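Undergrad: Here you go, sequence then predicted model.
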Amino acid sequence: MRTAIHHLLSEQARQRPDAPALSYQSATHSYAEVWGAARSAAAQLHGLGLERGDRVAIYLEKRVETVAAFFAASVAGGMFVPINHVLKPAQVGHILADSGARFLVTSADRLSQLAVVLAGASVEHVIVVGAAPPEATGDHSVHGWAAPGTGADDFTPVDVIDLDPAAILYTSGSTGKPKGVVLSHRNLIVGAESVSTYLHNTADDVILSVLPLSFDAGLSQVTTAFAVGAHCVLMNYLLPRDVPKICAAHGVTGLTCVPPLWLQLADVPWPDDVARRIRYWANTGGRMPRTTLDKLRATFTEADPYLMYGLTEAFRSTYLDPAEVDRRPNSIGKAIPNAEVLVLRPDGTRCDPGEEGELVHRGALVALGYWNDPERTAQRFRPVHHPGQEWRAPELAVWSGDTVVADDEGFLSFVGRSDDMIKTSGYRISPTELEEAAYGTGLVRDVVAVGVEDPALGHRIVFAVTPAAHGFEAAHLITALRPLLPAYMLPSRVDVRDDLPRSPNGKFDRPRIKSEVSA
């Protein structure tokens, strides 16, 4: 029975020890090897005094030791805290301080950059992967990464139950510093089993991990693979053209990306034999522009497209059945297996079909709350009512803050974030609707629509764009949009850039863009 996240790995190591589990660069490691590395690292953590519930921060690029450290924390009874390797010391320092991590797994070069933030921090032990560890210069001790097999046979995994906290994922958020979402072992296990079910994953799949492991969708690539004994290929993303190359090298059958990355991958050449090997591709983190969807379907002619929606507070939430893509290309589908997604009014009553409301997710994937933030937890994790079942104990669901609408058959369409909605001339406008129209002109490669405060209108609409080709002029875009949008939805200004800033998870950094165009 799977009650802890490391059971995904230990089960495969027992049943399929020699099967490929992880590939990184030119090396491939079996399930037995990865499990051995995780057990040795767990024994090391235990020997250094890790107690049940302690946080283990992992600040590394994607590599085998990164994944082994996640599972090692679980084996030892702790919680793993993935930190995106592109974050700067100040951001890392916030996560270390906020999580109260006593243990940090990192590399020598990254450790050398953290001297200031580690001074006076909660970190007591630093475990260095790769090069020989440097000498400690602060209040923490420094250790080398445990060699595979070291101490593993003498260490017994710590008993936990599935409701115990397993991980803290820090989300970029729309305002303020990142907040930590606490996921239980049950959240991670059910998420892996649910996603692998609707994606029809098997041990024959080769799944490319190109999203950050600190991002819920990125972590899901590993857990989903391990749930069925598939082969996961770790890639530290560099350039769009590198993705087809690594897919060719490993025979990748499935990959999941966010819209900005798909926009780039749709424009790179894919050899026919590589594209035909892709069994499915999935989108998450925002609505897929129709023009990009059409390009990808023309490229991956043998693949099933999965349009998904997820929020860190519920790990995964909805997907659109590939059979429905032609009928509902703008839909985020229905709830994933073992979850229910409701569309509710502010008073908690259910919306009628066609009526906009807040997406509310209930079930085994609902996270435990925000780390050390009961006030914010109480705002987002609230009870749902079950008419006719007043005898039930209160059940907490996660209120997403996202506005959606369901059709007569229950298929959901994303309208927008409640805090991203543009209000102008008395109208409430979804940025995604404006962006879809802009993509449809074929004139822009990237676009983000924001509302800038205006005393007369409420908001002025501003587009931040990168052109699709040389010779772009803002006036041409507005002219092309006139037949597509009513006058009140046209941008008052088009801010042309070479590139748009992205968050560490690869999504467009809307708060930053809004701040910059408002200045």
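TA: On my side now, so go ahead.

Undergrad: Tell me which residues touch Ile207, please.
TA: Counting by CB atoms under 8 Å, 6 or more residues apart in numbering, Ile207 touches 201, 221, 224-225, 230-233, 252-255. C-beta: built from backbone N, CA, C; applies to glycine.

Undergrad: Those in strands, which ones?
TA: Under the assignment DSSP state E, those contribute 231-233, 254-255 to strands.

Undergrad: got CSV for the residues you listed, with neighbour count and pLDDT too?
TA: Converted to CSV, these look like this (neighbours: other CB atoms under 10 Å; pLDDT from 0 to 100):
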residue, neighbour count, pLDDT
His231, 22, 98
Cys232, 23, 98
Val233, 24, 98
Gly254, 25, 98
Leu255, 27, 97
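
Undergrad: Of those residues, which is the nearest to Glu302?
TA: Gly254 (12.1 Å; CB to CB).

Undergrad: What pLDDT does the model give the residue nearest to Asp242 when sequence neighbours are not counted?
TA: Once flanking residues are discounted, Asp242 sits nearest to Met235: 7.6 Å by CB to CB, 6 or more residues apart in numbering. On pLDDT, Met235 comes in at 97.

Undergrad: Repeat that for Ser174.
TA: Per the predicted model, pLDDT is 42 at Ser174.

Undergrad: got it, and Asp109?
TA: 92.

Undergrad: what's the answer for Thr137, then?
TA: pLDDT, read off for Thr137, is 66.

Undergrad: Show me what counts as buried in the lowest-mean-pLDDT helix or strand in the chain.
TA: Every helix and strand in the chain was compared by mean pLDDT, DSSP states H and E; the lowest is strand 427-429, with a mean of 78. Neighbour-count burial for strand 427-429 flags Ile429 (criterion: 16 or more other CB atoms under 10 Å).

Undergrad: helices or strands up against that strand?
TA: Judged by 3 or more CB pairs under 8 Å, 6 or more residues apart in numbering; DSSP states H and E, the packing partners of strand 427-429 are strand 422-424.

Undergrad: follow-up on the earlier one: count of residues packed around the residue nearest to Asp242?
TA: Counted with other CB atoms under 10 Å, the neighbours of Met235 add up to 21.

Undergrad: My read is that it contacts Ser209, right?
TA: Yes: taking CB atoms under 8 Å as the definition, Met235 is a contact partner of Ser209 at 6.3 Å.

Undergrad: what touches both of those two?
TA: Contacts common to Met235 and Ser209, judged by CB under 8 Å, 6+ apart, are Lys62.

Undergrad: And the pLDDT at the residue of the chain positioned farthest from its centre?
TA: Largest separation from the mean C-alpha position in the chain: Ala456, at 38.2 Å (CA atoms, centre = their mean). In this model, Ala456 is scored at 72, pLDDT.

Undergrad: just checking, it is part of a strand?
TA: No: under DSSP: H, G, I helix; E, B strand; the rest coil, Ala456 falls outside any strand and is assigned coil.

Undergrad: How much space separates it from Ser425?
TA: Computed as CB to CB, to the nearest Å, the Ala456 to Ser425 distance reads 9 Å.

Undergrad: Kindly state the domain boundaries assigned to this protein.
TA: As given by automatic domain parsing, the domain ranges for the chain are 7-184, 237-415, 420-518.

Undergrad: could I get those domains as TSV with distance to Asp205?
TA: Below are those laid out as TSV (distance: least, CB to CB, whole Å):
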stretch	distance to Asp205
domain 7-184	11
domain 237-415	5
domain 420-518	22
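
Undergrad: Of those, which is nearest Val190?
TA: Closest among the domains of the chain, using CB to CB: domain 237-415, at 4.4 Å.

Undergrad: Neighbours of Ser30, how many?
TA: Ser30 has 18 nearby residues by other CB under 10 Å.

Undergrad: Check Arg345 too.
TA: Using other CB under 10 Å, the number of residues around Arg345 comes to 13.

Undergrad: quick one: contacts for it?
TA: For Arg345, the contact set (CB under 8 Å, 6+ apart) comprises 351, 357-358.

Undergrad: who's in contact with Ala397?
TA: Ala397 makes contact with 342, 360-362, 366, 381-384 under the criterion CB under 8 Å, 6+ apart.

Undergrad: Give me the residues contacting the least confident helix or strand of the chain.
TA: 421-423, 451, 461, 488-489.

Undergrad: Kindly report the same for stretch 506-519.
TA: Here stretch 506-519 makes contact (CB under 8 Å, 6+ apart) with 172, 174-175, 211-212, 215, 257-261, 285-286, 420, 431, 446, 448, 450-453, 462, 464, 493, 495, 500-503.

Undergrad: can you rerun that using 7 Å?
TA: Stretch 506-519 has contacts (CB atoms under 7 Å, 6 or more residues apart in numbering) with 174-175, 211, 258, 260-261, 285-286, 420, 448, 450, 452-453, 462, 464, 495, 500-503.

Undergrad: Now, of the residues you listed, which are buried?
TA: Buried, going by 16+ other CB under 10 Å: 211, 258, 260-261, 285-286, 420, 448, 450, 452, 462, 464, 495, 500, 502-503, out of the contacts of stretch 506-519.

Undergrad: which two from those residues end up farthest apart in space?
TA: Leu211 and Val452 (30.6 Å).

Undergrad: quick one: secondary structure of Pro483?
TA: Counting by three-state DSSP, the backbone at Pro483 sits in coil.

Undergrad: Roughly how far does His459 sit from Asp272?
TA: His459 is 46 Å from Asp272, where distance means CB to CB.

Undergrad: Point out where this protein drops to low pLDDT.
TA: Counting by pLDDT under 70, the chain has low-confidence residues at 136-137, 172-176, 426.

Undergrad: separation between the closest residue to Val158 other than its chain neighbours and Val496?
TA: Nearest non-adjacent residue to Val158, counting by CB to CB, 6+ apart: Gly77, 3.1 Å away. Distance, Gly77 to Val496, using CB to CB: 53 Å.

Undergrad: Repeat that for Ser26.
TA: Distance from Ser26 to Val496, by CB to CB: 41 Å.

Undergrad: who's more crowded, the two?
TA: Each of Ser26 and Val496 has its neighbours counted (other CB under 10 Å); Val496 has more, 14 against 6.

Undergrad: Pretty sure the more buried one sits against Ala464.
TA: No: counting by CB atoms under 7 Å, Val496 does not reach Ala464; the two are 8.3 Å apart.

Undergrad: can you count the residues close to Ile83?
TA: Around Ile83 there are 27 residues (other CB under 10 Å).

Undergrad: er, Thr3 actually
TA: Counted with other CB under 10 Å, the neighbours of Thr3 add up to 15.

Undergrad: Could you do the one 4 residues further on as well?
TA: Using other CB under 10 Å, the number of residues around His7 comes to 19.

Undergrad: Contacts only, for it.
TA: By CB under 7 Å, 6+ apart, the contact set of His7 is empty.

Undergrad: and the gap between it and Leu296?
TA: Between His7 and Leu296 the distance is 35 Å, computed by CB to CB.

Undergrad: How about Leu457?
TA: For Leu457, the distance to Leu296 - CB to CB - is 37 Å.

Undergrad: quick one: secondary structure of Asn236?
TA: Under three-state DSSP, Asn236 falls in the coil class.

Undergrad: Give me the phi and psi for it.
TA: Dihedral pair for Asn236: phi -90, psi 100, per degrees, to the nearest 10.

Undergrad: And Leu396, which helix or strand is it part of?
TA: strand 395-406 (DSSP states H and E).

Undergrad: How about that strand, which residues are buried there?
TA: For strand 395-406, using 16+ other CB under 10 Å, the buried residues are 396-406.

Undergrad: That strand pairs with which strands?
TA: Partner strands for strand 395-406, per DSSP bridges, with pairing direction: strand 357-363 (antiparallel), strand 381-384 (antiparallel), strand 412-417 (antiparallel).

Undergrad: So which of these is the most surrounded?
TA: strand 357-363 (a mean of 22; mean count of other CB atoms under 10 Å).
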